[in-house]
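**Student:** quick check, what structure comes out for this input:
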Amino acid sequence: SAEAAKELPYRDEDFVAASAFFRMASDIISHDTTVIPQKNHYLALPETTNSVAQNLCDILNWYDDLLDKRTEVRAELDSSRSDAIPIVRFTVTPNIKNQQYHLERRRQRREVLPTSEDTERRTKAWVKRVLVKLGICPFTKSNIKSGQGLGDLGVPVANIMYRHSSALSEGSDVYLLMADAWEAISDMVAAGPSGKSGVSSILLSAPGMDDDFELWAGPVFAMLETCVGAIQAEEMVGVVCFHPQYVTPDGKSWPGFGQMHSVRRLKKWYYQHAAERQVAESRAAGDAPDGDDSSSSSSSPPIPPLFDNEIAAGGAWQRRTPHAVINVLRAEQLEAAEGRRSSGVLYERNIRVLVGKEDGSVGLEKLAEDLKWEQSL
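**Tutor:** Model (predicted):
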């Protein structure tokens, strides 16, 4: 009925289509295909467009080309079956040798992964320590809700959604991760941005990918970001990369929107805003005249120098979580946060707090010790 339809949560059909598409690819490839050497599978996506369906096929085929193939899966639109409804044909060509062994090994690896309860407990401890207590994210004041301090910009405080994926860092398991991620994003949109059940952000942990940062920060996030664009979701969500082995980009190539700023940019911000902060502190103490913007006042101590590897560590430790994590934020929250804060001031402050040489800085040894403790919870 019309009244019942009004009570149903809104779901973006393109998000649902993305989740269904990658779930289908994951289910196909995770089953034993040695009996039938080649087989076609079909998926109808009636609520999306041919353009979105084609984009999803292109993303899967791009990743399939990267794989060291055990089973090849290709996706293409099958226009012969329907012009009105997008129908995707998945063609599977297995490499029959040792396939049953690999499927069994994958099953055994999943059995020893941390549970969803484990990853939620550990990630919550990290959020409380790093984002809240150390103030690394000025708009997160607890480990259950975020968005604080943005209400006057139209962004309500809402729940943090914790999710879990059992995907492994074994080639085609990326399809399982993509399905889990888009299912979570669809649930976030359906929950709305406010109210008792409203969701502000997602922290999805994938402990099976903890040991492969190269895969995580490279192909995985390239697929996620491309998929956001492919289904025209840029005005709704953004994705951010976290990992226990996170490495700050060196700036020699474009790392993607969801990555930390480069070492070069962080270094520029650190020295620029450290100098400005010193002048402001000198003025407050009466040691520098108003209007003097010099950073070299005789009464000001020199800015504690940091080597490039220390700057890099200061960036990396803002992103080192107990497990591999996809952080999904609402686009309006990202835009409001960027407008409210000064990125340079924030990152100078965060680097100083984490790895700076002043009294009160946490230090690399303590950061590593605390992360190890959270991973054991």
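**Student:** in contact with residue 110, which residues are there?
**Tutor:** Neighbouring residues of residue 110 by C-beta atoms under 8 Å, 6 or more residues apart in numbering: 166, 168, 208. Glycine gets a C-beta too; all of them are placed from N, C-alpha and C.
**Student:** I'd like to know which of those residues is nearest to residue 112.
**Tutor:** residue 208 (9.8 Å; C-beta to C-beta).
**Student:** where does the closest residue in space to the closest one that isn't next to it in sequence sit: helix, strand or coil?
**Tutor:** With sequence-adjacent residues excluded and distances taken as C-beta to C-beta, 6 or more residues apart in numbering, residue 208 is closest to residue 168, at 3.9 Å. Using DSSP: H, G, I helix; E, B strand; the rest coil, the structure places residue 168 in coil.
**Student:** quick check: end-to-end length of stretch 148-156?
**Tutor:** Taking C-alpha to C-alpha, to the nearest Å, the first and last residues of stretch 148-156 lie 8 Å apart.
**Student:** hey, where'd the helices end up in the stretch 51-200 of the chain?
**Tutor:** 99-111, 116-126, 174-191 (DSSP state H, counting those that start in this stretch).
**Student:** which one of the ones you listed lies nearest to residue 28?
**Tutor:** Nearest of those (C-beta to C-beta): helix 174-191, 8.8 Å.
**Student:** how about exporting the closest one as CSV, limited to the C-alpha atoms?
**Tutor:** Extracted in CSV, the C-alpha atoms of helix 174-191 (Å, rounded to 0.1, in the frame of the first residue of the first chain):
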residue,chain,number,x,y,z
VAL,A,174,38.0,-8.1,-3.4
TYR,A,175,34.6,-8.7,-4.9
LEU,A,176,33.3,-9.8,-1.5
LEU,A,177,34.7,-6.7,0.1
MET,A,178,33.1,-4.5,-2.5
ALA,A,179,29.7,-6.2,-1.9
ASP,A,180,30.0,-5.8,1.9
ALA,A,181,31.0,-2.1,1.5
TRP,A,182,28.2,-1.2,-0.8
GLU,A,183,25.7,-3.1,1.3
ALA,A,184,26.8,-1.0,4.3
ILE,A,185,26.7,2.2,2.3
SER,A,186,23.1,1.4,1.2
ASP,A,187,22.2,0.7,4.8
MET,A,188,23.7,4.1,5.9
VAL,A,189,21.7,6.0,3.2
ALA,A,190,18.5,4.1,4.3
ALA,A,191,19.1,5.0,7.9
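**Student:** give me the distance from it to the chain's centre.
**Tutor:** Taking the mean of its C-alpha atoms, helix 174-191 sits 12 Å from the chain's own mean (C-alpha atoms, centre = their mean, to the nearest Å).
**Student:** apart from its chain neighbours, what residue comes closest to the spatially most central residue of the chain?
**Tutor:** In the chain, the C-alpha nearest the mean C-alpha coordinate belongs to residue 326, at 2.8 Å (C-alpha atoms, centre = their mean). Excluding the flanking residues, the one nearest residue 326 by C-beta to C-beta, 6+ apart is residue 204, at 4.5 Å.
**Student:** please report phi then psi for the one you found.
**Tutor:** Backbone torsions of residue 204, given as degrees, to the nearest 10, read phi -100, psi 120.
**Student:** cool, and residue 257?
**Tutor:** The phi/psi pair for residue 257 (degrees, to the nearest 10) is phi -70, psi -30.
**Student:** residues contacting residue 14?
**Tutor:** 48, 52, 231, 232, 233.
**Student:** three-state assignment of residue 240?
**Tutor:** Going by three-state DSSP, the secondary structure assigned to residue 240 is strand.
**Student:** count the neighbours of it for me.
**Tutor:** 19 (other C-beta atoms under 10 Å).
**Student:** next SSE after the lowest-mean-pLDDT helix or strand in the chain?
**Tutor:** In the chain, no helix or strand scores lower on mean pLDDT, DSSP states H and E than helix 2-7, which sits at a mean of 48. Later in the chain than helix 2-7, the nearest helix or strand by DSSP states H and E is helix 13-29.
**Student:** partners of the helix or strand that that next one is followed by in the sheet?
**Tutor:** Remark: after helix 13-29, the chain's next helix or strand is strand 39-44, criterion DSSP H and E. In the sheet, strand 39-44 lines up against strand 87-94 (antiparallel) (DSSP bridges).
**Student:** list the buried residues of the partner strand.
**Tutor:** Neighbour counts over strand 87-94 (16 or more other C-beta atoms under 10 Å) mark 87, 88, 89, 90, 92, 94 as buried.
**Student:** quick one: least confident of the residues you listed?
**Tutor:** Within the buried residues of strand 87-94, residue 94 has the lowest pLDDT, namely 71.
**Student:** count the residues that sit near residue 143.
**Tutor:** 19.
**Student:** so it sits against residue 129, correct?
**Tutor:** No. Contact status for residue 143 versus residue 129: not in contact, 9.1 Å apart, counting by C-beta atoms under 8 Å.
**Student:** which residues does the residue nearest to residue 208 contact?
**Tutor:** With C-beta under 8 Å, 6+ apart, residue 168 has these contacts: 106, 109, 110, 208, 209.
**Student:** hmm, back to that, okay if I get the contacts of residue 110 as a markdown table plus pLDDT and distance to residue 366?
**Tutor:** Formatted as a markdown table, the contacts of residue 110 follow (pLDDT from 0 to 100; distance: C-beta to C-beta, whole Å):
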| residue | pLDDT | distance to residue 366 |
| --- | --- | --- |
| 166 | 97 | 32 |
| 168 | 94 | 31 |
| 208 | 97 | 28 |
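**Student:** about what we covered before: I figured the residue nearest to the centre of the chain was touching residue 206, is that so?
**Tutor:** Yes. Judged on C-beta under 8 Å, residue 326 makes contact with residue 206 at a distance of 7.3 Å.
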